[in-house]
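> Take a look and give me a structure for this.
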Amino acid sequence: MGGETGSAASGSGRGRFRTFRGRFGTPTAYGLALLVAGGCTFVALAANTADTPNRVAMIVFGLVAAVIAWRFGAVRAVPDPSGLTVVNYATSRRLDWAEIVTVRFGPNDPWVHLDLADGDVLAVMGIQRADGEHGMAEARRLVALIEELGEASEPDPREPGQT
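Residues are numbered from 1 along each chain as shown. This is a model prediction of the structure:
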């Protein structure tokens, strides 16, 4: 409709280079982090029978759990004209578009996998199956970016195994 004009619909500008991020997992992880940290702190301070070391241990546990949950929420893939930065739970990796050979998002895969020119396989946890059609649309957007900006050595990056 008329509202689809602009950079996102035309495939140019900032819209096509917007960050790939989980639609439901990210806010859920951030909310859980806040809830755990706040809940553990509240319980530690409100408990009448807890001594100081137990209170401190409960608060530290809540903060550690919150950091872990926050990290789960931080997964993303950031595209730009020169390549893709993939941030997963524990690692981050910068790729040039030419390094990405194929994109796989099979029916049983929880997130997108990239087959790389060096033979590695890299999970892109920022594009998730749990997001339903939004996740599929984001996978198609990634494929389009790779087709446009990567090397044209593969006839169709969506069909691994063809040469």
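> Domain parsing of this structure, as residue ranges.
Per automatic domain parsing, the domain ranges recorded for the chain read 26-73, 75-149.
> of all those, which lies closest to T19?
domain 75-149 (5.1 Å; CB to CB). (C-beta placed from N, C-alpha, C; glycine too.)
> give me the element the spatially most central residue of the chain is part of.
Nearest residue to the geometric centre of the chain (CA atoms, centre = their mean): G126, 1.6 Å. Using DSSP states H and E, G126 maps to strand 121-128.
> Other residues contacting that strand?
19-25, 75-77, 86-89, 93, 95, 105, 110-116, 135, 138-139, 142 (CB atoms under 8 Å, 6 or more residues apart in numbering).
> do you know how far the residue of the chain positioned farthest from its centre is from D118?
Distance to the chain centre peaks in the chain at T49, reaching 42.3 Å (criterion: CA atoms, centre = their mean). Counting by CB to CB, to the nearest Å, the gap from T49 to D118 is 58 Å.
> swap in V143?
With CB to CB as the criterion, V143 and D118 are 20 Å apart.
> Among the two, which residue is more densely surrounded?
V143 (19 against 7; other CB atoms under 10 Å).
> I'd assumed V103 was in contact with that one.
Yes. Applying CB atoms under 8 Å as the test, V143 and V103 come out as touching, 5.1 Å apart.
> For the protein, just list every one of the strands.
In the chain, the segments counted as strands under DSSP state E are 20-21, 76-80, 83-87, 92-96, 100-104, 111-116, 121-128.
> Turn those strands into a markdown table, including distance to L34.
Converted to a markdown table, those look like this (distance: least, CB to CB, whole Å):
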| stretch | distance to L34 |
| --- | --- |
| strand 20-21 | 18 |
| strand 76-80 | 19 |
| strand 83-87 | 20 |
| strand 92-96 | 24 |
| strand 100-104 | 33 |
| strand 111-116 | 24 |
| strand 121-128 | 21 |
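> Now those in TSV, please, with extra columns for mean pLDDT and distance to L35.
Output for the strands of the chain, formatted as TSV (pLDDT from 0 to 100; distance: least, CB to CB, whole Å):
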stretch	mean pLDDT	distance to L35
strand 20-21	93	20
strand 76-80	95	22
strand 83-87	95	23
strand 92-96	95	26
strand 100-104	93	34
strand 111-116	94	24
strand 121-128	94	21
